[in-house]
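Undergrad: Provided below for reference: sequence and predicted model.
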Amino acid sequence: MSFEVIERNGVRYAEVIRADARVEKTRFFSDAGSSFQFGLLANTAGYVEPAHDHHPIVRQIADLQQMFVVQRGIVAVDFFSDAGERFDEVVLQVGDAICLVHGAHSFRVIEDAQCVSVKQGPFMGDEMDKVSINAK
């Protein structure tokens with residue numbers, strides 16, 4: 001499957017776009033109301049999007065979502081419930097992308113890896129931004 005959703009009890013934890021995903025036209029997989037939009041841009045040869053900027057709209061964001069794309073290697077992401085129980089894992093290879101939407105997660109490197117990572121800023125430091133859990 002080229003697009004996967006990791007969910008538990010109706011809560012979306014992550015969205016995964018595999019390297020082999022193909023769409024005919026631009027498609028976003030995240031909910032329109034999500035604070036982070038995750039999708040694929042697709043256009044035919046010759047398409048030109050007119051030059052543009054974006055309106056400076058103040059947005060209030062209560063969550064911190066993160067996405068990354070594997071450039072080399074293999075990594076695994078484990079997902080944990082609010083109680084700290086590991087309930088799922090997704091293994092990512094070169095070209096795969098993931099958007100971490102909600103909840104606790106861990107990152108394991110299976111083969112030496114490099115990933116492009118994007119998350120909302122500003123970064124407040126590990127002490128402010130990360131909440132450690134007692135994983136079970």
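TA: All right, it came through fine.

Undergrad: tell me, what residue is most central in this structure?
TA: residue 99 (0.9 Å; Cα atoms, centre = their mean).

Undergrad: pLDDT at that residue, what is it?
TA: Model confidence at residue 99, given as pLDDT, is 95.

Undergrad: Verify the stated contact: it with residue 35.
TA: No. Using Cβ atoms under 8 Å, residue 99 is not in contact with residue 35; the gap is 10.8 Å. Quick note: C-beta positions are derived from backbone N, CA and C, even for glycine.

Undergrad: quick one: common contacting residues for these two?
TA: residue 65 (Cβ atoms under 8 Å, 6 or more residues apart in numbering).

Undergrad: still on that earlier bit, just checking, the residue nearest to the centre of the chain is part of a strand?
TA: Yes. Assessed by DSSP: H, G, I helix; E, B strand; the rest coil, residue 99 belongs to a strand.

Undergrad: what about the spatially closest residue to residue 129 that is not a sequence neighbour, how many neighbours?
TA: The shortest distance from residue 129 to any non-neighbouring residue, by Cβ to Cβ, 6 or more residues apart in numbering, is to residue 123 (6.4 Å). By other Cβ atoms under 10 Å, 10 other residues sit near residue 123.

Undergrad: per-residue pLDDT, residue 123?
TA: Predicted confidence (pLDDT) for residue 123: 73.

Undergrad: Looks to me like it is in a strand.
TA: No. Assessed with three-state DSSP, residue 123 is coil; it does not lie in a strand.

Undergrad: rewinding a little: how about the residue nearest to the centre of the chain, what does it touch?
TA: With Cβ under 8 Å, 6+ apart, residue 99 has these contacts: 14-16, 30, 36, 38, 65-67.

Undergrad: Fine by me, we can end here.
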